[in-house]
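> I'll drop the sequence and a predicted model, then ask my questions.
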Amino acid sequence: MVSIQTISIKSSSPEKVIPLIVNALDREKRIITDSLKMTREKINSLSKSLSVDVDKLMDGKVEHTEANDMKLIELEGELKILRHLEDELKELESLEICR
């Protein structure tokens, strides 16, 4: 079970700070969403050029050869980046600003 905690920010002018925080969170969500799109495109491109099933790659069922090793490592890295970005976006989307 996940414990939800509250983070407090003190300000002498919350009416100005709250919109700034909301805008910053929205901007970060857009940046991550754009990064996710680019990462997915790169994954699709690499997997097509290598004729590799991404699920099989992540299960260790794709043979690394001298010819494909560097591209497979790049694809694995992009997949890790994708998971990280998805986790970040999920966290940001779960935030609630209490007033």
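Yep, that arrived.

> which residues in this protein form helices?
14-50, 54-58, 69-93 (DSSP state H).

> Where in the protein is the helix or strand with the lowest mean pLDDT?
Taking mean pLDDT, DSSP states H and E as the measure, the chain has helix 54-58 as its least confident helix or strand, at a mean of 91.

> in that one, what's buried?
Residues of helix 54-58 classed as buried: Val54, Leu57 (neighbour count, 16 or more other C-beta atoms under 10 Å). (C-beta placed from N, C-alpha, C; glycine too.)

> same for that helix, what does it pack against?
Here helix 54-58 touches helix 14-50, helix 69-93, going by 3 or more C-beta pairs under 8 Å, 6 or more residues apart in numbering; DSSP states H and E.

> Please determine how far the spatially most central residue of the chain is located from Leu57.
In the chain, the centroid-proximal residue (C-alpha atoms, centre = their mean) is Leu85; its distance is 0.8 Å. Between Leu85 and Leu57 the computed distance is 18 Å (C-beta to C-beta, to the nearest Å).

> Need the contact partners of the least confident helix or strand of the chain.
For helix 54-58, contacts defined as C-beta atoms under 8 Å, 6 or more residues apart in numbering pick out Ile43, Ser47, Val62, Leu72, Leu75, Glu76, Leu79.

> By pLDDT, give me the weakest of these.
Lowest pLDDT within those is found at Val62 (91).

> residues in contact with that one?
Residues in contact with Val62 (C-beta under 8 Å, 6+ apart) are Val52, Asp53, Lys56, Leu72.

> what about the residue in the chain sticking out farthest from the centre, distance to Asp87?
The C-alpha centroid of the chain is most remote from Ser12, which lies 34.1 Å away (C-alpha atoms, centre = their mean). Distance, Ser12 to Asp87, by C-beta to C-beta: 34 Å.

> Surely Leu82 touches Arg40?
Yes. The pair Leu82 and Arg40 qualifies as a contact (C-beta atoms under 8 Å) at a distance of 6.7 Å.
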